[in-house]
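Chemist: Model the following, please.
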Amino acid sequence: MKTWELNIDGLVGPTHNYAGLGAGNLASLAHQDEVSNPKLAALEGLKKMKFCHDLGLKQAVMPPAFRPDLHIARTLGYTGNDSKILETLYHSEPKLLKVVTSASSMWTANSATVSPSTDTIDGKVHLTIANLNQNLHRSIEAPFYEKLFRKLFSNDQYFTIHQSLPKHHDYNDEGAANHMRLCSSYGEPGLEIFIYGDPTKQSKFTPRQSKKASEAVARLHRLERALFVQQHPEVVDQGVFHNDVIAVSNQKTLFLHEKAWLQQEEALLRITDNIDFNLNLIQITEEQLSVDEAVQSYLFNSQIVTVGSNNHIILPSHCEESPKVLEILQNNFQNRHFFNLHQSMRNGGGPACLRLRTELRENEINALHQEILLTDTLYDTLYCWIQEHFRDE
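Modeler: Have a look, this model is predicted:
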């Protein structure tokens with residue numbers, strides 16, 4: 001039976017803004033309170049989705065979370081109708097106003113961690129909703145994601161949905177942004193790699209993913225093979241708030257910076273000991289590209305996808321501005337595609353942040369809620385809807 005990698009992208013919502021709420025996210029902090037363009041942001045993301053669809057990949061689109069989310073304001077004692085609460089927050093609690101209007105659900109990589117049925121003991125696809133506990137504006141997304149995924153993956157013959165982990169710092173979980181998978185090809189069992197941080201080793205920023213959370217997700221998913229690797233504390237303090245800012249994988253390919261992980265050579269040996277295929281390792285040195293340049297360009301926050309027998313890499317157009325990045329790409333990737341995602345990038349989200357990877361067999365795809373699968377007709381509908389209803393600032 002044919003197996004596909006389905007990329008699920010979140011549609012950017014109409015309240016897309018630069019609130020600067022992402023602790024440890026340098027781009028988010030740098031562009032705080034600048035004027036945003038929700039219409040352009042949504043169209044940029046939609047264009048990337050359409051490109052993947054036209055390549056022949058399976059592509060899906062998720063709706064944005066409803067915003068403003070005034071439930072959290074009401075639980076904090078604010079009363080009255082929606083307009084009154086919004087006016088009160090505007091005058092007396094501007095940070096909370098930013099929280100309830102945040103459009104950060106656009107970064108679907110943080111929605112959940114997914115394990116394909118080829119990796120799990122019970123032969124089902126497992127999804128654990130991320131609690132996003134580290135930041136208030138993201139923590140309110142978990143109930144939305146759980147409700148949505150239970151709708152999209154409702155067939156319990158194929159799918160098991162796990163609720164988010166306890167909202168405690170021991171179990172901080174930010175989903176697939178700190179999870180990787182290596183396999184010989186789609187449809188074959190793989191090695192799942194969970195990347196976590198150690199807050200006791202940090203001097204500036206707190207890691208978003210805890211080891212206990214990663215271990216819990218692996219247990220819930222009943223995985224055959226899993227490895228746990230620690231982020232390098234230095235890169236966390238340099239703005240690598242998620243592992244997908246400094247490492248990306250696809251099938252046999254692992255593309256990462258030499259400082260991505262603590263004791264990285266040992267971690268790579270553990271990986272090769274746990275796979276039965278030749279790893280295509282592309283390890284970039286500090287001399288080739290500094291961590292700071294990697295964070296600025298978002299080179300590693302790219303999507304590597306397989307079309308036929310060929311790898312394609314989908315990158316933010318920021319990468320075209322760096323001669324060092326272009327040299328790395330020319331030496332390692334034949335099929336390169338650059339996209340203007342400036343609206344997302346100013347909040348610290350590149351191509352990989354915008355999508356959740358889900359490897360599915362054909363019968364599992366058929367068991368999905370079919371209306372999320374991108375078609376030419378759906379693309380046209382969404383394009384016109386965004387043009388009509390979204391603000392441009």
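Chemist: all strands of the stretch 101-250 of the chain, in order?
Modeler: 112-115, 125-129, 159-162, 179-183, 190-196, 226-230, 247-250 (DSSP state E, counting those that start in this stretch).
Chemist: Tell me which other helices or strands the first one touches.
Modeler: So the one you mean is strand 112-115. With contacts taken as 3 or more CB pairs under 8 Å, 6 or more residues apart in numbering; DSSP states H and E, strand 112-115 sits against strand 125-129, strand 355-361. The way it works is simple: take the backbone N, C-alpha and C, and place the C-beta from them, glycine included.
Chemist: Pick the most deeply packed of these.
Modeler: strand 125-129 (a mean of 26; mean count of other CB atoms under 10 Å).
Chemist: can you dump the C-alpha coordinates of it into PDB?
Modeler: Extracted in PDB, the C-alpha atoms of strand 125-129 (Å, rounded to 0.1, in the frame of the first residue of the first chain):
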ATOM      1  CA  VAL A 125      -1.100   6.700  14.000                       C
ATOM      2  CA  HIS A 126      -0.600   8.400  17.400                       C
ATOM      3  CA  LEU A 127      -0.900  12.200  17.900                       C
ATOM      4  CA  THR A 128      -0.200  14.000  21.200                       C
ATOM      5  CA  ILE A 129      -1.500  17.500  21.500                       C
END
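Chemist: ok, and what's touching that strand?
Modeler: 111-117, 120, 142, 145-146, 149, 153, 158-165, 173, 217, 220-222, 358, 360, 364 (CB atoms under 8 Å, 6 or more residues apart in numbering).
Chemist: gap between it and the chain center?
Modeler: 14 Å (CA atoms, centre = their mean, to the nearest Å).
Chemist: that older thread, include distance to Phe66 when you put the helices and strands packed on strand 112-115 into JSON lines, please.
Modeler: JSON lines is the format used below for the helices and strands packed on strand 112-115 (distance: least, CB to CB, whole Å):
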{"stretch": "strand 125-129", "distance to Phe66": "17"}
{"stretch": "strand 355-361", "distance to Phe66": "19"}
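Chemist: To Trp107, which of those lies closest?
Modeler: strand 355-361 (9.0 Å; CB to CB).
Chemist: what's the closest of the helices and strands packed on strand 112-115 to Cys183?
Modeler: The nearest among these, by CB to CB, is strand 355-361 at 8.2 Å.
Chemist: Report the rounded mean pLDDT for that closest one.
Modeler: Model confidence over strand 355-361, given as mean pLDDT, is 96.
Chemist: same check, this time on stretch 139-158
Modeler: Stretch 139-158 comes out at a mean pLDDT of 96.
Chemist: What of stretch 193-204?
Modeler: 90.
Chemist: circling back to that earlier point, buried only: go through the contacts of strand 125-129 for me.
Modeler: Taking 16 or more other CB atoms under 10 Å as the criterion, what is buried in those is 111-117, 120, 142, 145-146, 149, 153, 158-162, 164-165, 173, 217, 220-221, 358, 360, 364.
Chemist: Identify the residue nearest the geometric centre of the protein.
Modeler: In the chain, the residue lying closest to the centroid (CA atoms, centre = their mean) is Ala109, at 1.9 Å.
Chemist: what separates that one from Val248, distance-wise?
Modeler: Distance of Ala109 to Val248, computed by CB to CB, to the nearest Å: 11 Å.
Chemist: Overlap in contacts, those two.
Modeler: Ala352.
Chemist: Spell out the residue ranges of the helices in the stretch 251-393 of the chain.
Modeler: In the stretch 251-393 of the chain, the helices defined using DSSP state H, counting those that start in this stretch lie at 264-273, 291-297, 323-332, 342-345, 362-366, 376-389.
Chemist: Lowest average pLDDT across those?
Modeler: helix 342-345 (a mean of 91).
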